[in-house]
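J.: sequence first, then the predicted structure, then my questions.
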Amino acid sequence: MTLKVSGVTTAVSRDVAHNVGEITQAIDRAAEMEADILLTPEGSLSGYTPDFNRAEVEAALETVTTHASAREIGLALGTCYIEPDERRYNQIRFYAKDGTYLGFHSKILRCGVLDPEPRGEMLHYAASELRTFNFEGVPIGGLICNDFWANPSCTPQPDPFLPQKLASMGARVIFQAVNGGRDGNDWAENVIWPFHESNLRMRTRAAGVWTVVADSSHPVTIPCSCPSGVLSPEGTWVVNAKRQGVDQYTTSIDLSPEKEQK
């Protein structure tokens, strides 16, 4: 069987109305390409911030998911969100093509330091257990930014190798939503980008899964923090978005049993 995936590098901002416009346009482009599911970057609906307006984000979520179901596009939607348990999560929310909510993955390796007191994302966002989801008969999983590569400069806990864990749980495809920090300097170009790409490729190959990646492109004046596109279970790029600015890719991935990595 095949799954047609699309990913978009949007200019994620704290302007929720702007983000809704970016995402609905991406849904329309995905529908034109007859994609099954669209991946958006980390925090792409709410903005990558814990200080979002809850009611505004909830209304925006209704707008986006209604539009996607009308176009028969599944979603792997990056957003920050407050759940009924009143805790704030940095999520990928998964929706079927008919709009059925499948559940969420929340960022596990939340960036921060213990020096000597906890600082960073771990103070703002809750985490939940790793899980898989059934999308059109395909077991899939989600990871968010540092979940995938466990950057040693901002990961205070041991590296749990989450891509391989998802594979051991039966996931065939991992949707990786990113919103990486960068400023266009030599370190970003020559260290951060290669670190992200090599970890994407090596961990995808080690897990033997397909990986679909979408990074934020804000600000559009400098390159993204990592490649966006689709990696095969061999760790090779099948398709890529542009390194800089808003872009979208769509491609079919072959999930036939004989195509699994041996």
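T.: Nice, thanks for sending it over.

J.: ok, which stretches of the protein are strands?
T.: In chain order, the chain shows strands spanning 2-9, 37-39, 74-82, 88-95, 101-106, 112-114, 118-120, 133-135, 138-144, 173-178, 210-215, 229-231, 237-240, 247-254, with DSSP state E as the criterion.

J.: who are the neighbours in contact with V12?
T.: 19, 22, 41-44, 47-48, 179, 216-218 (CB atoms under 8 Å, 6 or more residues apart in numbering). Placement of C-beta: from N, CA and C, glycine included.

J.: which of these are buried? Put it as a PyMOL command.
T.: Paste this into PyMOL to select the buried members of the contacts of V12, with burial taken from 16 or more other CB atoms under 10 Å:
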select buried, resi 19+22+41+42+43+44+47+48+179+216+217+218
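
J.: in a markdown table, list the contacts of V12 along with pLDDT and distance to F104.
T.: A markdown table is the format used below for the contacts of V12 (pLDDT from 0 to 100; distance: CB to CB, whole Å):
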| residue | pLDDT | distance to F104 |
| --- | --- | --- |
| N19 | 98 | 18 |
| E22 | 97 | 20 |
| P41 | 98 | 15 |
| E42 | 98 | 13 |
| G43 | 98 | 13 |
| S44 | 98 | 14 |
| G47 | 97 | 17 |
| Y48 | 96 | 16 |
| N179 | 96 | 16 |
| S216 | 97 | 19 |
| S217 | 95 | 23 |
| H218 | 94 | 23 |
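
J.: narrow the contacts of V12 to those in helices?
T.: Counting by DSSP state H, the part of the contacts of V12 found in helices is 19, 22.

J.: nearest to T2, of the contacts of V12?
T.: P41 (24.4 Å; CB to CB).

J.: ok, that closest one - contacts?
T.: Contacts for P41 (CB under 8 Å, 6+ apart) come out as 8-10, 12, 78, 177-179, 214-217.

J.: cool, L130 as well?
T.: Contacts for L130 (CB under 8 Å, 6+ apart) come out as 105, 108, 141, 162, 165-166, 169.

J.: for Q248, same thing?
T.: 6-9, 26, 29-30, 241.

J.: what's the end-to-end length of stretch 100-115?
T.: End-to-end distance for stretch 100-115: 43 Å, by CA to CA, to the nearest Å.

J.: before we move on, back to that, can you redo the contacts of Q248 as JSON lines with distance to W210?
T.: Below are the contacts of Q248 laid out as JSON lines (distance: CB to CB, whole Å):
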{"residue": "S6", "distance to W210": "14"}
{"residue": "G7", "distance to W210": "12"}
{"residue": "V8", "distance to W210": "18"}
{"residue": "T9", "distance to W210": "19"}
{"residue": "A26", "distance to W210": "20"}
{"residue": "R29", "distance to W210": "21"}
{"residue": "A30", "distance to W210": "17"}
{"residue": "A241", "distance to W210": "16"}
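
J.: out of those, which is nearest to E58?
T.: Nearest to E58 out of these is A26 (CB to CB; 20.3 Å).

J.: find the nearest non-adjacent residue to that closest one, please.
T.: Spatially, and ignoring its direct neighbours in sequence, A26 is nearest to V8 (4.0 Å; CB to CB, 6 or more residues apart in numbering).
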